[in-house]
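Student: return atomic coordinates for the entry below.
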Amino acid sequence: MKGMWKSKKGKIVLVCAAAALVIILLAVTLGGQSGSTQGTAYSSYTVQTGNVEVAVQGNGTLATTQQETYTLPNSGTVDIVSAAEGDTVQKGDLLAVMTPQTSAHSRVSTDDSNALIKIKNASDGVSSVLAPVAGRIKGVNAQVNATAASLQNNKKPLCWISADGKMTVALSLDDVSTVTHGQTVQVVVGEQTVNGTVTAVRDANNQTVVTIDTDTFDIGAEASVMDTDGTEWGTGVLQLNDPVPVVAPSGYVLSISAEENQRVAAGTTLFTLANTGLDTGTQSIVAVYADRDGVLTDVSLGTAASASAQNSTNGYSIQAEGDYTLSIAVDELDIASIEQGQSAQITIDALSDQTFTGVVERVSRLGTTTGSVTTYDVTIRLDAAQGLYAGMSAQAKIVTQSSENVVTVPVEALLHENDTYYVLSEAAVGKTGDEADTEANRIEVGVGLANGSVAEITSGLSSGTTIAIPNTSTSSSSSLMDMMGGMGGQMPQGAPGDNGGFDGAPPERGN
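Tutor: Numbers count the residues shown, from 1 in each chain. Have a look, this model is predicted:
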């Protein structure tokens, strides 16, 4: 084979040696000249300017990175279920309402998102819904004659109470390198500007949270955040910092005493309802609601239909939506080129028209050996993205080296002899074998970065020059390569150097 180049992986030296022996035998059989390019014909090619990338690629499935689990009371009855496993929920969505068999003054979860709501029954069967805590009334959803169940089915409480007088706005910032916890910022809502404080550089939803010391703005109002120098960070919507939902398990609304932005004391009557089905006396109703955005998993809240006999010993989990990782297996020959912080491009089988980005988060130093091949796990964290699901099949591409706007040629155009790389000039077009590859037709070139298809030319050629490249459809050497499955497939990865910069070399020219 006369300088024809197909790269090979170091780990298959024995395979390549066997392949070389087969090629020699086939060459003798076909032409009687070991390594000859006697049957290779050359066609013209115009040298171009382009980009060369060396990349490591791998496949895997998406996995979620954050999941919080919440526990319900040890016993009680589930009255209303507003969400099911697999549902996408937002922070503040009502998930369920239940009557626990616990102390009326106890908290029932690892998180304060579960509030105890008191409902007092009068002798005439009308129930009074009392404020469970002191605070400001916000987001009144109840309407006269509407049912409590209809609100809960839409994941909404009767109203909210702001317990601490504060609101928050969450921002999706790409760069938080200059953001610090406790930093003072300005928050603009409509025509008003108030001071805010960074209370989370990255929260459970991978967002930056700013808190303001007022709760007079509407829930969901748009707010812009800027630093003290006037540089705008972004916009978000206002939410209550310490929201307490006011709910009822059943019944329809007779009257509403709660007014938007009204301040109330604990125990104040906010609503009256009929047909709640509660026993006379004071009941503690637990409102279970989402304290973060995400997807519900491991939900075991029972159903409204079986509530009367349902003992609750379970709970639910929320997986953070938009926060995914992808783990790929990288070959031992490539792992040295992978490091934390490198960017990656991700494609998803189910979303073939989109490309996502990510960054290498972890490179395992523990290898897995299968046969004679050792691979290492590389974990990539995807940038915030919507529309993805855990378990989706994905492919990652990590560019380890690149050269842009450089002179390039197809790798098959490169020939090699005595540590020198060369291409054939236009004079070799239409000729074959030794008639094409003469000293007069050779153009010595410097070779930089290369991958399996193109190589960077650092000297000897300029864009627009016409050269000769082998016509692989008539090349006996290429046919032999095809018979051997490409002898290793991907071209060696390398960096620019004095003699072409490759960590492998094409076969020497036959004599």
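
Student: make it CA atoms for all contacts and neighbour counts henceforth
Tutor: OK.

Student: what count of nearby residues applies to residue 387?
Tutor: 7 (other C-alpha atoms under 10 Å).

Student: okay, it: pLDDT?
Tutor: Note on residue 387: pLDDT of 75.

Student: show me where the stretch 351-500 of the chain has helices.
Tutor: Taking DSSP state H, counting those that start in this stretch, the helices of the stretch 351-500 of the chain run over residues 433-436, 476-483.

Student: and these, which one is worst for confidence?
Tutor: helix 476-483 (a mean of 34).

Student: just the buried positions in stretch 408-415, please.
Tutor: 408-415 (16 or more other C-alpha atoms under 10 Å).

Student: in strands only, show me the residues you listed.
Tutor: Mapping these onto strands (DSSP state E) picks out 408-410, 415.

Student: pLDDT below threshold where in the stretch 401-511 of the chain?
Tutor: 472-511 (pLDDT under 70).

Student: can you pull out the strands in it?
Tutor: For the stretch 401-511 of the chain, applying DSSP state E, counting those that start in this stretch gives strands covering 415-417, 420-425, 442-450, 454-459, 466-470.

Student: distance of residue 435 from residue 134?
Tutor: 96 Å (C-alpha to C-alpha, to the nearest Å).

Student: brain fart, residue 365
Tutor: Applying C-alpha to C-alpha to residue 365 and residue 134 gives a distance of 55 Å.

Student: ok, the two, which is more surrounded?
Tutor: Neighbours were tallied for residue 365 and for residue 134 using other C-alpha under 10 Å; the higher tally belongs to residue 134 (17 against 11).

Student: hang on, residue 210 packs against residue 172?
Tutor: No: applying C-alpha atoms under 8 Å, one finds residue 210 not in contact with residue 172, separated by 11.5 Å.

Student: now residue 132. Its backbone dihedrals?
Tutor: phi -70, psi -30 (degrees, to the nearest 10).

Student: looking at it, it is touching residue 269, isn't it?
Tutor: No: if you go by C-alpha under 8 Å, residue 132 and residue 269 don't touch, sitting 9.7 Å apart.

Student: which one's more surrounded, the two?
Tutor: Higher neighbour count among residue 132 and residue 269: residue 132, with 24 against 20, using other C-alpha under 10 Å.

Student: relative to the helix or strand hosting residue 199, what are the paired strands and their orientations?
Tutor: Assessed by DSSP states H and E, residue 199 sits inside strand 192-200. Here strand 192-200 has these sheet partners by DSSP bridges: strand 184-189 (antiparallel), strand 208-212 (antiparallel).

Student: can you show me the CA trace of that strand as PDB?
Tutor: Extracted C-alpha coordinates of strand 192-200, given in PDB (Å, rounded to 0.1, in the frame of the first residue of the first chain):
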ATOM      1  CA  GLN A 192     -41.300  50.900  42.300                       C
ATOM      2  CA  THR A 193     -37.800  50.100  43.200                       C
ATOM      3  CA  VAL A 194     -36.900  48.300  46.500                       C
ATOM      4  CA  ASN A 195     -33.700  46.800  47.900                       C
ATOM      5  CA  GLY A 196     -33.200  43.100  47.800                       C
ATOM      6  CA  THR A 197     -30.700  40.600  49.100                       C
ATOM      7  CA  VAL A 198     -29.200  37.500  47.400                       C
ATOM      8  CA  THR A 199     -30.400  34.600  49.600                       C
ATOM      9  CA  ALA A 200     -29.300  31.800  47.300                       C
END
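
Student: residue contacts, the closest residue in space to residue 462 that isn't next to it in sequence?
Tutor: Using C-alpha to C-alpha, 6 or more residues apart in numbering and skipping the chain neighbours, the partner closest in space to residue 462 is residue 407 (6.5 Å). If you count contacts by C-alpha atoms under 8 Å, 6 or more residues apart in numbering, residue 407 has them with 47-50, 456-458, 461-463.

Student: now those as JSON lines including distance to residue 295 and neighbour count?
Tutor: Converted to JSON lines, these look like this (distance: C-alpha to C-alpha, whole Å; neighbours: other C-alpha atoms under 10 Å):
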{"residue": "47", "distance to residue 295": "53", "neighbour count": "19"}
{"residue": "48", "distance to residue 295": "50", "neighbour count": "18"}
{"residue": "49", "distance to residue 295": "48", "neighbour count": "16"}
{"residue": "50", "distance to residue 295": "44", "neighbour count": "16"}
{"residue": "456", "distance to residue 295": "47", "neighbour count": "29"}
{"residue": "457", "distance to residue 295": "51", "neighbour count": "24"}
{"residue": "458", "distance to residue 295": "52", "neighbour count": "18"}
{"residue": "461", "distance to residue 295": "57", "neighbour count": "20"}
{"residue": "462", "distance to residue 295": "56", "neighbour count": "16"}
{"residue": "463", "distance to residue 295": "53", "neighbour count": "15"}
